[in-house]
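Enquirer: could you look at this predicted model? Sequence included:
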Amino acid sequence: MYLVLLLLNMITSGTFNNAVKGIGFHQVSLAHTYKLVFEHGPIAPDNYFQQGILINGQFPGPIIRVKPYEILTVNVVNKLNHQMALHFHGIHQVGTVSSDGVPMVTQYSIPSNGTYRYSMEVGGQSGTFIYHSHNDLDQNWAMGALIIEENPTIFPKNSKYLYDYEETFILSQCWHVPVDVITAGILGTPFEDVPETDSILINGRSYGNWDENDDGDISLNSDGYQVITVKHNAIYRFRVIALGLDSMLTFSIANHSHLSVIEMDGILVEPVDTDHLELNSAQRYSVLVKMNQPIGNYWIQSEMIPGPGPGNGRAILHYLGAPYPGMMRTQIFENKTLEVELTEWIQDKLYPSPTIHQSTWYAVPSSVDKEIVITSHQVNVNGSTKFDINGAMFVDYDPPMLHQIRHGVNFSNKEPQVYELILGETVQIVFVNTFSDDGECEQHPWHIHGHTFHVVGEGPDGYDPVVAKPIIEANIAKNKNQFRDVVTLFPNTTSWGNTTGTSCGWIAVRFEVNNPGVWIVHCHLTAHMLMGKMFILYEHTEQDPRLGQIS
């Protein structure tokens, strides 16, 4: 009877129609329900004891696992001493924009001691995702992996995508300064930049000796680097997620130089071999690794790039049958890593697999109905450092924007904070980099909520559409474009040392307007987002500008 009622509800709400889009009919499953309790707690992820944010008593939070076309419900209990909202990074939220988890855009923040129910049908998406807080800098603590398992029938027999086992890795940074103090510094007057990183964490663990350490009766995560046990000659899928707060991070394994990249941001790609990964904040890759080295213990390492940074971004790959790596778990790495030059690594070689059907992929639009050029400058506002968007400062909404739209507030002609898009259009967004007030041109990972997009071109200095057009057309003709949800705007200039605000590189992305809602677009270096590096896409049909036909 419950299943019958569920199906009737899905049919009347439109969820059933979404569930059967794609290749024919997909079996409708009962909802997977998770309860996540967020609370402050003592933790020592790198042997430095402090107060962090725990999810169900652990850090990082528990892994959420679902399958395509299943319904995911997450009941959040906020026991923190401040408000929060939870974002499911990379999930398109088709028909469920109110579960996107962006405070004052899609919802009110969950108050202390409050609750909120997020519910979404994940559609045809699959791969590696992440959930994290979208308030202040809390994502540094409040996060966990979200896995949508591929249907194994999509892989051909004897496929280069097949594996025996899998493990998940979350790479992150750690500070001994409370994140609320760091937040106050970047938003305050005078501006105080994010301090130097104390440790790099792999799955919430690292190790070090510290001069000032409140050595209390605490043990959570303080027993050293994580140990990953593997079987000799087995093939492992390592799902690697980066959630750096202000830096790109690497991933490598000693003596294992053949990492076959098979997934990028939830999209299966044509496999490419590499000896290491380079990930910006919220980017994800899956690699296949054969455990074919002599039985022993090997370092897994993560470093900041361009660096320098802590040398203790470590975990241990432990072959079954090797001595337990007890001494390795608490080895001290005091030296900083070396500074390296930022490059684009192998990103231009990563494109969706042409042999596997993926229902979320579509061909690159050959033309666009609307082009949006976004130039963000670092500016001083009454002694505080901010980022503008095309000369304007982002202003928070109250009530949330989605609530206002549903009460009839008109958000047309609100550029550059809000760009209105009509269902069926094709859009090209060009992100333009600029020199900061200290003469630096930095990298910026841009993320678009509600979409996966094609990366179609990039170039040095400022964006000139006449010069860029043949570059973009040539890239599209190759039909080997990145298709992802976080793209890095790299420094790209022919003249270093220019004055503040001078353009120093651009990158262009294209996508179809196919997902009604209000979707924030922001730099995923979270400090930059809080300083104003964000804007909103308002997508709707001609008939439903109030978004009344979605939840």
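Expert: That came through fine.

Enquirer: packing partners for the strand or helix carrying A508?
Expert: Using DSSP states H and E, A508 sits in strand 503-512. If you count contacts as 3 or more CB pairs under 8 Å, 6 or more residues apart in numbering; DSSP states H and E, strand 503-512 packs onto strand 426-434, strand 444-448, strand 453-459, helix 465-478, strand 486-489. The way it works is simple: take the backbone N, C-alpha and C, and place the C-beta from them, glycine included.

Enquirer: longest strand of this protein?
Expert: For the chain, the longest strand by residue count, based on DSSP state E, is strand 32-43.

Enquirer: for that strand, give the mean pLDDT please.
Expert: Average pLDDT, strand 32-43: 96.

Enquirer: strand partners (parallel or antiparallel) of that strand?
Expert: Strand 32-43 has the following strand partners under DSSP bridges: strand 50-55 (antiparallel), strand 71-78 (parallel).

Enquirer: I'd like the ones you listed laid out as CSV, including mean pLDDT and mean neighbour count.
Expert: As requested, the strands paired with strand 32-43 are exported to CSV (pLDDT from 0 to 100; neighbours: other CB atoms under 10 Å):
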stretch, mean pLDDT, mean neighbour count
strand 50-55, 96, 19
strand 71-78, 98, 19
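
Enquirer: still on that earlier bit, got a list of contacts for the helix or strand following the strand holding A508?
Expert: Remark: after strand 503-512, the chain's next helix or strand is strand 517-523, criterion DSSP H and E. By CB atoms under 8 Å, 6 or more residues apart in numbering, the surrounding residues in contact with strand 517-523 are 93, 97, 100, 102, 105-106, 374, 376, 387, 401-402, 405, 429, 444-451, 528-529, 533-539, 547, 550.

Enquirer: pull out the buried residues from those.
Expert: 93, 97, 100, 102, 105-106, 374, 376, 387, 401-402, 405, 429, 444-451, 528-529, 533-539, 547, 550 (16 or more other CB atoms under 10 Å).

Enquirer: ranges for the helices of the protein?
Expert: Using DSSP state H, the helices of the chain run over 2-13, 15-19, 179-187, 401-406, 465-478, 526-530.

Enquirer: okay, now the unreliable bits of the stretch 451-551 of the chain?
Expert: 497-498 (pLDDT under 70).

Enquirer: redo that, cut-off 90
Expert: 494-501 (pLDDT under 90).

Enquirer: just the stretch 201-350 of the chain next, same as before
Expert: In the stretch 201-350 of the chain (pLDDT under 90), the answer is 211-223, 341.

Enquirer: could you check how far stretch 186-199 is from the centre of its chain?
Expert: 22 Å (CA atoms, centre = their mean, to the nearest Å).

Enquirer: pull up the distance across it, start to finish.
Expert: 20 Å (CA to CA, to the nearest Å).

Enquirer: hang on, H377 packs against D388?
Expert: Yes - proximity of H377 to D388 meets the contact threshold set by CB atoms under 8 Å, at 5.3 Å.

Enquirer: what is in contact with those two at once?
Expert: What both H377 and D388 touch, as defined by CB under 8 Å, 6+ apart, is an empty set.

Enquirer: how about the longest strand of the chain: buried residues?
Expert: Going by 16+ other CB under 10 Å, strand 32-43 has these buried residues: Y34, L36, F38, G41, P42, I43.

Enquirer: for the nearest residue to I200 once chain neighbours are set aside, give its distance to R205.
Expert: Nearest non-adjacent residue to I200, counting by CB to CB, 6 or more residues apart in numbering: G313, 2.9 Å away. Here G313 is placed at a distance of 10 Å from R205 (CB to CB, to the nearest Å).

Enquirer: these two: which has the busier surroundings?
Expert: G313 (29 against 25; other CB atoms under 10 Å).

Enquirer: buried ones in stretch 196-213, by neighbour count?
Expert: Those would be T197, D198, S199, I200, L201, I202, N203, G204, R205, S206, Y207, G208, for stretch 196-213 by 16+ other CB under 10 Å.

Enquirer: return the distance of it from the chain's centre.
Expert: On CA atoms, centre = their mean, the centre of stretch 196-213 falls 22 Å from that of its chain.

Enquirer: what's next to it, contact-wise?
Expert: Contacts of stretch 196-213 (CB under 8 Å, 6+ apart): 45-49, 59-60, 168-176, 221, 224-226, 246-247, 249, 300, 302-304, 309-310, 312-315, 329-334.

Enquirer: mind checking which of the residues you listed are in strands?
Expert: T168, F169, I170, L171, S172, Q173, C174, L249, I300, M304, R314, A315.

Enquirer: could you measure from the third one over to Q58?
Expert: Separation of I170 from Q58 (CB to CB): 12 Å.

Enquirer: swap in the last one?
Expert: According to CB to CB, A315 and Q58 sit 17 Å apart.

Enquirer: with the fourth one instead?
Expert: From L171 across to Q58, the span is 17 Å (CB to CB).

Enquirer: quick one: which of the two has more around it?
Expert: Using other CB under 10 Å, the more surrounded residue of L171 and Q58 is L171, with 25 against 14.

Enquirer: shouldn't that one be in contact with V240?
Expert: Yes - between L171 and V240 there is a contact under CB under 8 Å: 6.9 Å.

Enquirer: hey, what's in contact with both of those two?
Expert: F251, L279.

Enquirer: for the ones in strands among the contacts of stretch 196-213, which one is nearest N479?
Expert: The closest of these to N479 turns out to be L249 (CB to CB; 30.3 Å).

Enquirer: number of nearby residues for that closest one?
Expert: 27.

Enquirer: and it, what is it in contact with?
Expert: L171, S172, Q173, I200, A242, E278, L279, S302, E303, M304, I305, G313.

Enquirer: partner residues bridging it?
Expert: Under the criterion used (DSSP bridges), L249 bridges to L279, M304.

Enquirer: just the pLDDT for the residue nearest to Y397 when sequence neighbours are not counted.
Expert: Leaving aside its sequence neighbours, Y397 sits nearest to M104 (CB to CB, 6+ apart; 5.0 Å). If you check M104, the pLDDT there is 98.

Enquirer: ok, M104 - contacts?
Expert: M104 neighbours (CB under 8 Å, 6+ apart): D396, Y397, D398, P400, M401.

Enquirer: much appreciated, bye for now.
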